[in-house]
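Asker: Sequence first, then the predicted structure, then my questions.
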Amino acid sequence: MFYEPDKRNHGLPRDPFKALVVPRPIGWISTVDIAGRPNLAPYSFYNAVASDPPVVLFGTGLGPGRKPGDDAIKDSQRNAEATGEFVVNMVTDGLLDAMNRTSAHLPHGSSEFEAAGLETVPSQLVRAPRVKASPVHLECRYLQTVEMPCTTPGGRNFVVFGRVVGIHIDERVLKDGFVDISLLRPLARLGYMEYCLVDKSFSLDRPD
């Protein structure tokens, strides 16, 4: 089959695009607002885009039912821009339900940490707290926001970039000096409402 995304002429029950770019790591983004109130939300449009220095990004859009305007911008983006900081907490096996609970739309200023029953630990270099149960945290300094095209009338899409300035790794997922994926067991997003668990890997050297 062939279809043009702008025309939405795929003829399927749901657009398959997000089922074709998989698996995608989950950016569990923690921030604080200018009043110091914490926020935590998962983003399936998340990845690393550079290594020297390390840079990550997460993509946001207008929340469901929200109208365009400053109040429609998602809290993670607004807080990162206002404070210049955010933390990426890795979602691993055992944290799926808690991660899903933090995707709920709570009133502005409410704590997703409390709603999901998650403990926090302080960060070293930024103000945003970390998810204690997560084995990996990336403390980030906000770099910039880029607005992307949006074909939904009145909609908006954004990509938020952050420079990783501090990295926490639970030593229990290290083996012989390397991160052991079988011990880390990260979760990833697939298409529709599907997820996968990464618990096996293999090595392959470059031909040169």
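Answerer: Structure received.

Asker: I'd like the average pLDDT over the longest helix belonging to the chain.
Answerer: In the chain, taking DSSP state H as the definition, the longest helix is helix 75-83. Averaging pLDDT along helix 75-83 gives 96.

Asker: give me every residue that touches residue 31.
Answerer: 38-40, 75-76, 79-80, 83, 85-87, 128 (CB atoms under 8 Å, 6 or more residues apart in numbering). Using the backbone N, CA and C atoms, a C-beta is placed for each residue, glycine as well.

Asker: from those residues, which single one is nearest residue 187?
Answerer: Nearest to residue 187 among those, counting by CB to CB, is residue 40 at 15.5 Å.

Asker: got the buried residues for stretch 45-63?
Answerer: Of the residues in stretch 45-63, 45-46, 55-62 count as buried by neighbour count, 16 or more other CB atoms under 10 Å.

Asker: Determine which two of the residues you listed are furthest apart.
Answerer: Within the buried residues of stretch 45-63, 55 and 62 form the most distant pair, 24.7 Å apart (CB to CB).

Asker: Just give the nearest non-adjacent residue to the residue nearest in space to the middle of the chain, would you?
Answerer: Geometric centre of the chain, nearest residue: residue 27, 1.7 Å, by CA atoms, centre = their mean. In space, and not counting its chain neighbours, residue 27 is closest to residue 46: 2.9 Å by CB to CB, 6 or more residues apart in numbering.

Asker: same check, this time on residue 75
Answerer: The shortest distance from residue 75 to any non-neighbouring residue, by CB to CB, 6+ apart, is to residue 39 (4.6 Å).

Asker: Just give me the neighbour total for the one you found.
Answerer: 26 (other CB atoms under 10 Å).
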